[in-house]
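*Asks:* below is the structure, and that's it, no one-letter string:
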């Protein structure tokens, strides 16, 4: 595979990974206030995404892949509200372990990474066009 196509493929893999990261972050934000349906039940647990580099045999280069989408093991927050349907026997409701501030910062970082990969594709296309122009 030529270098131009390889660079496009590598940047595309980064865009796919960051796009999935944005979807996971969006799900976390959407469920930031989701509590259990049953008394004493667990609320929504924040999801986290991990990446890994893998050697693409056709490219002979590392590309980024999603290794897994797991759950954040951190503790749930407790809020005293004995009248809530999800309250445990002590009157506490477990709240999701999602911080919208952290999710917003993660979203900003993922968006910037996505944009950086997009700029890389645009730069490669421009360089390819200039090369073709010079060769004419």
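*Replies:* Looks like it came in fine. Quick caveat: nothing in here was measured; it's all calculated off a predicted structure. Numbering: from 1, shown residues only.

*Asks:* drop to CA atoms for contacts and neighbour counts, all remaining ones
*Replies:* Will do.

*Asks:* and residue 78, that's in a strand?
*Replies:* Yes. The assignment for residue 78 is a strand, going by DSSP: H, G, I helix; E, B strand; the rest coil.

*Asks:* quick one: residues contacting the most centrally placed residue in the chain.
*Replies:* In the chain, the residue lying closest to the centroid (CA atoms, centre = their mean) is residue 21, at 1.4 Å. The contact partners of residue 21, by CA atoms under 8 Å, 6 or more residues apart in numbering, come to 49, 110.

*Asks:* how near is it to residue 94?
*Replies:* Distance from residue 21 to residue 94, counting by CA to CA, to the nearest Å: 26 Å.

*Asks:* residues near the closest residue in space to residue 44 that isn't next to it in sequence, how many?
*Replies:* The shortest distance from residue 44 to any non-neighbouring residue, by CA to CA, 6 or more residues apart in numbering, is to residue 96 (5.2 Å). Neighbourhood size, residue 96 [other CA atoms under 10 Å]: 23.

*Asks:* now residue 96: how far from residue 110?
*Replies:* From residue 96 across to residue 110, the span is 22 Å (CA to CA).

*Asks:* one more: residue 95?
*Replies:* 25 Å.

*Asks:* and the residue lying closest to residue 76 once chain neighbours are set aside, how many neighbours?
*Replies:* Computed as CA to CA, 6+ apart, the closest residue to residue 76 that is not its neighbour in sequence is residue 97, at 5.0 Å. Using other CA under 10 Å, residue 97 has 22 neighbouring residues.

*Asks:* could you pull up the contacting residues of residue 97?
*Replies:* For residue 97, the contact set (CA under 8 Å, 6+ apart) comprises 32, 44, 45, 46, 72, 74, 75, 76, 77.
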